[in-house]
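# Quick one: sequence plus predicted model below, questions after.
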Amino acid sequence: MQELNFSKFPFRFKNSKNKLLIFDEIRKKFVVLQPEEWVRQHCLQYLIKQKKYPKSLINVEKELLVNNLCKRYDIVVYNPDGSIYLIVECKAPSININQDTFDQIARYNMTLNATYLMVTNGLNHYYCTMDFENERYQFLKDIPEYNI
């Protein structure tokens, strides 16, 4: 797999039916290692090991309803009260992040109301905070460390 713009993290791998699998600490299972999954697993480790977000507040790949359509988010970090603190949209490294990517996560956020958004393809990371009043996002240098 391609080297990404994250710190080096230890991962567990295994082969099954001629497919390479990677262990997901949050879902507690091995999942097929695709380029987007490689980015998602790095991002999870970044949130857990570098930003100190508790695993118990992180959720991966769940469905949500957006404009009566079933969509799936990549990563959500909850506040202890159950509200959503952060949404992360992961793309494969070959996918360029553009306005459509931000529009996608902004649409998700109309339903989820997260304070922070992160979009990454593993090579480029973008962080923003939501200004709900003016329906805009403001870019940040990084997301805060866990201190909720």
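Great, that's in hand. The structure presented is a predicted model; accordingly, all values stated were derived computationally and were not measured. Numbers count the residues shown, from 1 in each chain.
# C-alpha from now on. contacts and neighbour counts both.
Noted.
# for residue 37, helix, strand, or coil?
helix (DSSP: H, G, I helix; E, B strand; the rest coil).
# residues contacting it?
residue 92 (CA atoms under 8 Å, 6 or more residues apart in numbering).
# what's next to stretch 49-64, contact-wise?
Outside stretch 49-64, the residues within contact range by CA under 8 Å, 6+ apart are 26-27, 47-48, 70-80, 144-146.
# pretty sure residue 139 belongs to a strand, no?
Yes - Residue 139 forms part of a strand when assessed by three-state DSSP.
# how close does it get to residue 73?
20 Å (CA to CA, to the nearest Å).
# do the same with residue 81
20 Å.
# How about residue 50?
Residue 50 is 22 Å from residue 73, by CA to CA.
# quick one, which of these two is more surrounded?
Here residue 50 and residue 73 are compared on neighbour count by other CA atoms under 10 Å; more neighbours surround residue 73, at 17 against 13.
# Wait, a strand at that one?
Yes - according to three-state DSSP, the state of residue 73 is that of a strand.
# does it really touch residue 89, like I thought?
Yes - Residue 73 sits in contact with residue 89 when judged by CA atoms under 8 Å, with a separation of 6.8 Å.
# what mean pLDDT would you report for stretch 5-18?
For stretch 5-18, mean pLDDT rounds to 94.
# Thank you kindly, that will do.
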